[in-house]
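Q: Next come a sequence and a model predicted from it.
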Amino acid sequence: MEDFQIQAIGLMSGTSLDGLDICCCTFRQQSGKWTFGIDCAKGYTYPEDMKQILGMGAQKMNALEFITFHSAYGKFLGERINEFMQEFGVHPDIIASHGHTIFHEPQKKIMYQIGDGAAIAAETRIPTVSDFRRLDIMLGGQGAPLVPIGDKYLFADYDYCLNIGGFSNISLTQEGQRIAFDISPVNYVINHYCRQIGLEFDRDGEIARRGTICEELFNELNNMDFYHQSGPKSLGREWVETLVYPMLERYGLNMEDRLRTFYEHAAYQISRVIKAHPHINGSGKLLITGGGAFNTFLIERIDALCPCEIIIPDRQIIEYKEALIFAFLGALYMADMPSCLASVTGAPIDNIGGMLFKINR
C-alpha cells in the first residue's frame, strides 16, 4: 500500500476493572513498515456503581436494562474522550474502542463488548470503530487475542510479548507465523480476593509474598484441561467463576497462602508456555506489559522460572500498550488491513474486525 499516516485514539477497559485507558497515537506506514508515537495518554477510574455493573451486574440484567446500560456506558466513554481531547488539545482522525467484555464464550459464538460505538461517535463527532471481535467469532475463531497484530508490526524487536492484565496472554512468531493465546487468569483473580479485604490490588505482591504454597492446590490448578489444550484458545470470566474460584476456596486457605499459591500457578503457566516455544538461541527477549508488570513479586517469580531476558519498558508503554494497540486497530481499519489474524484466533481467514460509525463532517 502507499505511505499512510493517521492519528487515532484507542480505548481499553480490561477485565481487572483497573479503569479506562485512553491513548492518542500517530501511526505511519512507510515502505511496508509501521512506526508509532504516543502523543498523550491518561487513565480514568470508574464510578463505584459503574464498576459494580461492569464487574458482575451486567450479566444479571434483563434485556432492556442491558441495552440501556450499553448506550449509557458508550455515552460515558464519549464524555471521557471529550475531556481527554480538550485537556491535551488533540482531535484524531478515528477512535477505536475495545469496550468492556461482558460475555466471551466463543465455542457458543457468544461474545459482547459493552459500550455502544454509535454513542461514542455521537458524543465526540469523530468516526468510531468498535466491536472488533464479533466477525472473527462468527467465522469460527476465538475473537481473541487482538493485541498480537500490534506486537507483530509495532514490537517486532521482542521475541515474546507478554501482557499481564486480568488474564495473561502471549504472542510470538513461530515458523514465520504470528501465534498468540491466553495463558491464565492473573489480576482478575488477585483483585477479586483483594477486594474481599478492602483493597483494590496486591501492591508489589506484598500479601502473596507472606504466604506459603499449597502444593495440592497448585497441582490441581495446573491440571485443568485448558492448560493442556493447543492454541488458538482464549479465556473468559465465566471459566474463572465456574472452575477457578471454587478450586481456590475449597482448601480453606488464609488469604496469604491462597494468593501465594495462585501467583506461583500464574508464573508457572507463563514459564511453561515459553519453554514449550523455545527461542532459537535458547533465551530470547520477553517484553512484559500490563498492570502485572508493576507487581514486583510476580515478576520475580516469572524471572525465576523463565529462561528469558525480561524487559520491562517505560511506564507509558506498560500502562497503555493495549489502548495503543486498539488505536492501531483503528488505523488498520482505515487502511483496509486485517486486524484479526487467523493464525492467532483460529478463524479460517484473516479479517478486518469492527463496525464504523461515522458522522458526515
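A: On my side now, so go ahead. Since the structure is predicted, the reported quantities are computational estimates derived from the model, not experimental observations.

Q: which residues in the protein form helices?
A: Here the chain has its helices, by DSSP state H, at 48-55, 63-88, 117-124, 134-138, 148-154, 187-195, 206-209, 215-222, 237-239, 245-250, 255-276, 296-305, 315-334, 342-345.

Q: Which secondary structure elements does the last one sit against?
A: This means helix 342-345. strand 177-185 (3 or more C-beta pairs under 8 Å, 6 or more residues apart in numbering; DSSP states H and E). The way it works is simple: take the backbone N, C-alpha and C, and place the C-beta from them, glycine included.

Q: Let's see the strand it packs on as CSV, backbone CA atoms only.
A: What follows is strand 177-185, C-alpha atoms only, in CSV (Å, rounded to 0.1, in the frame of the first residue of the first chain):
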residue,chain,number,x,y,z
GLN,A,177,3.5,-17.0,11.6
ARG,A,178,2.3,-15.0,14.5
ILE,A,179,0.7,-17.1,17.1
ALA,A,180,-0.9,-16.0,20.3
PHE,A,181,-3.2,-17.2,23.0
ASP,A,182,-4.4,-16.6,26.6
ILE,A,183,-2.2,-18.3,29.2
SER,A,184,-4.1,-18.0,32.5
PRO,A,185,-6.1,-15.6,34.7
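
Q: I'd like the average pLDDT over that strand.
A: Strand 177-185 carries an average pLDDT of 93.

Q: That one: which residues count as buried?
A: 178-185 (16 or more other C-beta atoms under 10 Å).

Q: Residues contacting it, please?
A: 144-145, 147-149, 151-152, 166-173, 227, 231-235, 239-240, 244, 265-266, 269-270, 273, 341, 343-344 (C-beta atoms under 8 Å, 6 or more residues apart in numbering).

Q: That strand vs helix 255-276, what angle?
A: Interaxial angle, strand 177-185 versus helix 255-276 (axes from the mean of the first three to the mean of the last three C-alpha atoms, to 10 degrees): 160 degrees.

Q: Direction included, what does strand 177-185 pair up with?
A: Strand 177-185 has its sheet partners listed here by DSSP bridges as strand 167-174 (antiparallel).

Q: The partner strand: how far from the chain's middle?
A: 11 Å (C-alpha atoms, centre = their mean, to the nearest Å).

Q: Just the residues contacting that strand, thanks.
A: With C-beta under 8 Å, 6+ apart, strand 167-174 has contacts from 15, 144-145, 147-148, 151-152, 159-163, 178-186, 188, 235, 266, 269-270, 273-274, 277, 290, 292, 344.

Q: List only those of these flagged as buried.
A: Of these, these count as buried by 16+ other C-beta under 10 Å: 15, 144-145, 147-148, 151-152, 159-163, 178-186, 188, 235, 266, 269-270, 273-274, 290, 292, 344.

Q: Any idea what residue 130 is bridged to?
A: Beta-bridge partners of residue 130, as defined by DSSP bridges: residue 97, residue 355.

Q: my read: it touches residue 354, true?
A: Yes - contact status for residue 130 versus residue 354: in contact at 6.5 Å, counting by C-beta atoms under 8 Å.

Q: Now list whatever residues contact both of these two.
A: Counting by C-beta under 8 Å, 6+ apart, the residues touching both residue 130 and residue 354 are residue 96.

Q: More neighbours: which of the two?
A: Using other C-beta atoms under 10 Å, the more surrounded residue of residue 130 and residue 354 is residue 130, with 28 against 23.

Q: Buried residues, stretch 56-69. List them.
A: By neighbour count on 16+ other C-beta under 10 Å, the buried set for stretch 56-69 is 57-58, 66, 69.

Q: cool, and stretch 4-17?
A: So, applying 16+ other C-beta under 10 Å, buried residues of stretch 4-17: 6-17.

Q: How about stretch 326-338?
A: For stretch 326-338, by 16+ other C-beta under 10 Å, it's 326-335, 337.

Q: got those residues as JSON lines, with distance to residue 52 columns?
A: As requested, those are arranged in JSON lines below (distance: C-beta to C-beta, whole Å):
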{"residue": "326", "distance to residue 52": "24"}
{"residue": "327", "distance to residue 52": "28"}
{"residue": "328", "distance to residue 52": "31"}
{"residue": "329", "distance to residue 52": "29"}
{"residue": "330", "distance to residue 52": "29"}
{"residue": "331", "distance to residue 52": "34"}
{"residue": "332", "distance to residue 52": "34"}
{"residue": "333", "distance to residue 52": "32"}
{"residue": "334", "distance to residue 52": "36"}
{"residue": "335", "distance to residue 52": "39"}
{"residue": "337", "distance to residue 52": "38"}
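
Q: of these, closest to residue 120?
A: Using C-beta to C-beta, residue 330 comes nearest to residue 120 of the buried residues of stretch 326-338, at 11.7 Å.

Q: neighbours around residue 76, how many?
A: With other C-beta under 10 Å as criterion, residue 76 counts 20.

Q: So what's the predicted local confidence for the closest residue to it other than its chain neighbours?
A: Leaving aside its chain neighbours, residue 76 sits nearest to residue 50 (7.1 Å; criterion: C-beta to C-beta, 6 or more residues apart in numbering). With respect to pLDDT, residue 50 scores 94.

Q: looking at it, residue 50 is touching residue 80, isn't it?
A: No - at 11.4 Å, residue 50 does not count as touching residue 80 under the criterion of C-beta under 8 Å.
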